[in-house]
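>>> below are the sequence and a predicted model for it; my questions follow.
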Amino acid sequence: MSAKEEILARMRRALDGAGPVPVPPREYRRALDEDADVVEMLIDRLVDYKAEVHHGVDAIEAALGDAKQVVVPADLPTEWRLGRSVFIEDRNLATEDLDGADAVLTGCAAAVAVSGTIMLDAGAAQGRRAITLVPDHHVIVVRRDQIVGHLAEALPRLHPTRPQTWISGPSATSDIELQRVEGVHGPRRLDVVILGD
Amino acid sequence: MTTAFPPGRSLRSPKFAESAKVALGMPQLRSNLAHATGTIRGKRATVVGELDDWESLRDAAAAIKADVQHRMPELAVAFERKATEAGATVHWARDGAEANRIAARITREAGADEVVKVKSMATQEIELNEHFEAEGLKAWETDLAELIVQLAEDRPSHILVPAIHYNRTEIRDIFKGRMSDAPTGLTDEPAALAEAARLHLRRRFLSAKVAVSGANFAVAETGSLVVVESEGNGRMCLTMPRTLISVVGVEKLLPRFEDLEVFMQLLPRSSTGERMNPYTSIWTGATGGDGPEDVHIILLDNGRTDVLADEVGRQALSCIRCSACLNVCPVYERTGGHAYGHVYPGPIGAILAPQLEPGRHDDLPYASSLCGACYEVCPVKINIPEVLVHLRQQGPHHVGEKAAMGAAEAVMARPRLWRAALGAARFFSLPWRKRGSVRRLPWPASKWTVSRDMPVPPKETFRDWWKERER
């Protein structure tokens, strides 16, 4: 018997005689109260994670700071490529080139206010996973219409089978005495630019 | 090292009571643990308090997990089909040895003699690192706490924060002594220590050919795997190498992608006490031009189907490894994780270890005062005290205990005999009546009083009081 057949047979034996279980109750929240200000809440959470928040397309330049080499996905809107930086389109850039870049500038798929989470699903203006990981500074542009209150509102906006990265603040660790330290292996600096009111 | 367990005592040690005694004699360990668990309890309470639907989320999670257990064969096959369609190769492993052999074979076939690892309880459980070592392969831990533990040649002592038993100064000393490229003048500031780990691992991440991970969730509907982390070492391992091997316990299945809306609220708040962990990676098979091209998933049984067969005990398979139960447990806080002698310590370990390895951890269900704090914080509502009592009933009992219980049953079943016994107890305890309790009873009852006082029977029994009241 193959391992698969044997494990499945063990499972069926273990469940022999087990009756059906009730359908899971889903009485939890799926949205915030209507009067909640999701933008304000998102900003509050991001700042709590030590991310910097900016407003308007012109702020992209400030968010990039003095980054000279900035990696961008090839489909990043041209009107976002602002400032003195050199924008390098990712056409399968080598790891060394990503490591040598000062920052990366992308869009996102959705943002969740309650938890301050920005989601990337390899869709428009987001690129592949490596470009948002290797450079030490990530600038994410979030459009107002991409911000939702609750996690349950964000999931239907994601492409479930494309590679996803959910980002809640810069990389961090609490492994030493459970004290949070920002900046380990992922980008140590996270800037978020919010577009639209 | 003041907080490292003496060699041979650290893990797979036979008796909890013995190991606990060693741990209780280590003041630095107790102080580190009290500080760390206290901090995380506070953080958890704050972020859990923010959600007014926490109990509804727990109810949903418990029910989804029960559903997974009841439909495990169907969901496992569905997951395999979807993951395979998406370009992954799915393997099945009856036990740890089989999983290790498969992982080692894939590593060699990829032309590598080392792997970078994402923190994973499943690979610790099957001792993948030790197996690789024996086969001439090297597995590098990349999670900061796992790195500390690996450098110290120690064992993890907590599910989430494996180096919780070390304080910052001890960690600095481990880095200085054992990390070849530790910066000179390294301080014990957590930020400086994290920076040292970043420099130490960076080259390795960017050049690794093979990575090994576990998974927090495996979505049957889509064939996707989910890894939840903080540092970015997980993203590095899951993105940069060409080959990725994920060892996934069969209980990690979730029916639908939508179910993540429940578990991704419960897990980060329960484990690190954050609204959300910094990074969550979700991938489905292989995606051309984005991440590993050679994607393997090893579905692991290793005792889980035996746990599934126990109607009361199977709820232990609902565990999402958040470790909230460790942080609230009065026993764990005092003994630390090593005393449990298993990779899963604390309350969840006390019900998982004896079920995963029958006959080897029969004393662990007694490593609890049954206070129930673990049940209260469990995000998936595992009734740990219920399973503890269930396992105590099933486990072996000492012949003396059986004799004492048999005698008690015989006396209690006969009202006259019981009355006589109570009378005798009152009479013989007269000298201690003022003190209220007896410190030391003669053998064999001394076995009871060695760690407890024996209360003196009351002057008047309930029966006498009742009779008096009727008159």
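Done, it's in. Remember, it's a predicted structure, so these values are computed and weren't measured experimentally.
>>> is the helix or strand encompassing A:V192 positioned near chain B?
Taking DSSP states H and E as the criterion, the element that holds A:V192 is strand A:189-195. No - using Cβ under 8 Å from any Cβ of the partner chain, no contact is recorded between strand A:189-195 and chain B, whose separation bottoms out at 9.2 Å. For the C-beta atoms, the positions are set from N, CA and C on the backbone; glycine is no exception.
>>> got the buried residues for that strand?
When burial is assessed from 16 or more other Cβ atoms under 10 Å in any protein chain shown, strand A:189-195 yields the following buried residues: A:R189, A:L190, A:D191, A:V192, A:V193, A:I194, A:L195.
>>> now stretch B:173-181
Applying a neighbour-count criterion of 16+ other Cβ under 10 Å, the buried positions in stretch B:173-181 are B:I174, B:F175, B:M179.
>>> helices - which of those land there?
When the buried residues of stretch B:173-181 are checked against helices using DSSP state H, the ones located there are B:I174, B:F175.
>>> Serialize the buried residues of stretch B:173-181 to CSV and add fields for pLDDT and distance to B:D154.
Shown next, in CSV, are the buried residues of stretch B:173-181 (pLDDT from 0 to 100; distance: Cβ to Cβ, whole Å):
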residue, pLDDT, distance to B:D154
B:I174, 96, 9
B:F175, 96, 14
B:M179, 93, 14
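>>> between the buried residues of stretch B:173-181, which is nearest B:A309?
Within the set of the buried residues of stretch B:173-181, B:I174 lies nearest B:A309; the separation is 42.3 Å, counting by Cβ to Cβ.
>>> residues contacting whichever residue of chain B sits closest to chain A?
Taking Cβ to the nearest Cβ as the measure, the point where chain B comes nearest chain A is B:G232, at 2.5 Å. If a contact means Cβ atoms under 8 Å, 6 or more residues apart in numbering or on different chains, then B:G232 has A:L133, A:S171, A:V184, A:H185, A:G186, A:P187, B:P278, B:Y279 as its contacts.
>>> that one - nearest residue in space that isn't next to it in sequence?
Nearest in space to B:G232, with sequence neighbours left out and distances taken as Cβ to Cβ, 6 or more residues apart in numbering or on different chains, is A:G186 at 2.5 Å.
>>> contacting residues around the one you found?
Counting by Cβ under 8 Å, 6+ apart, the residues that A:G186 touches are A:L133, A:P170, A:S171, B:E231, B:G232, B:R235, B:M236, B:P278, B:Y279.
>>> just those residues: which are in helices?
Among the contacts of A:G186, the members falling in helices are B:R235, B:M236 (criterion: DSSP H).
>>> in the stretch 301-450 of chain B, which spans are strands?
B:437-438 (DSSP state E, counting those that start in this stretch).
>>> spell out which residues of it are next to chain A.
The interface of the stretch 301-450 of chain B toward chain A, taken as Cβ under 8 Å from any Cβ, is made up of B:D301, B:T305, B:D306, B:L308, B:A309, B:E311, B:R314.
>>> assign a three-state SS to residue 185, would you?
This is for chain A. A:H185 carries the three-state label coil when classified by DSSP: H, G, I helix; E, B strand; the rest coil.
>>> touching, it and B:E231? I think so.
Yes - in this structure, A:H185 sits in contact with B:E231. The criterion is Cβ atoms under 8 Å, and the distance is 5.2 Å.
>>> which neighbours do these two have in common?
Between them, A:H185 and B:E231 have A:S171 as joint contacts when contacts are counted by Cβ under 8 Å, 6+ apart.
>>> who in the stretch 101-250 of chain B is up against chain A?
For the stretch 101-250 of chain B, the residues found near chain A under the criterion Cβ under 8 Å from any Cβ are B:142-145, B:148, B:161, B:163-164, B:167-168, B:171, B:190-191, B:193-195, B:197-198, B:201-202, B:205-206, B:219, B:222-224, B:230-233, B:235-236, B:238-240, B:250.
>>> can you say which of these are buried?
In terms of neighbour count (16+ other Cβ under 10 Å), the buried residues within these are B:142-145, B:148, B:161, B:163-164, B:167-168, B:171, B:190, B:193-195, B:197-198, B:201, B:205-206, B:219, B:222-224, B:230-233, B:235-236, B:238-240, B:250.
>>> what is the neighbour count of B:E50?
A total of 11 residues lie near B:E50 under the criterion other Cβ atoms under 10 Å in any protein chain shown.
>>> ok, now the one 4 residues further on?
Neighbour count of B:W54, defined by other Cβ under 10 Å: 18.
>>> how far off centre is the strand or helix carrying B:V247?
Per DSSP H and E, B:V247 falls inside strand B:243-249. Strand B:243-249 sits 20 Å away from the centroid of its parent chain (Cα atoms, centre = their mean, to the nearest Å).
>>> which residues touch the lowest-mean-pLDDT helix or strand in chain B?
Within chain B, confidence by mean pLDDT, DSSP states H and E is lowest for helix B:446-449 among all helices and strands, at a mean of 82. Helix B:446-449 has contacts (Cβ under 8 Å, 6+ apart) with B:G400, B:V438, B:R439, B:R440, B:L441, B:M454.
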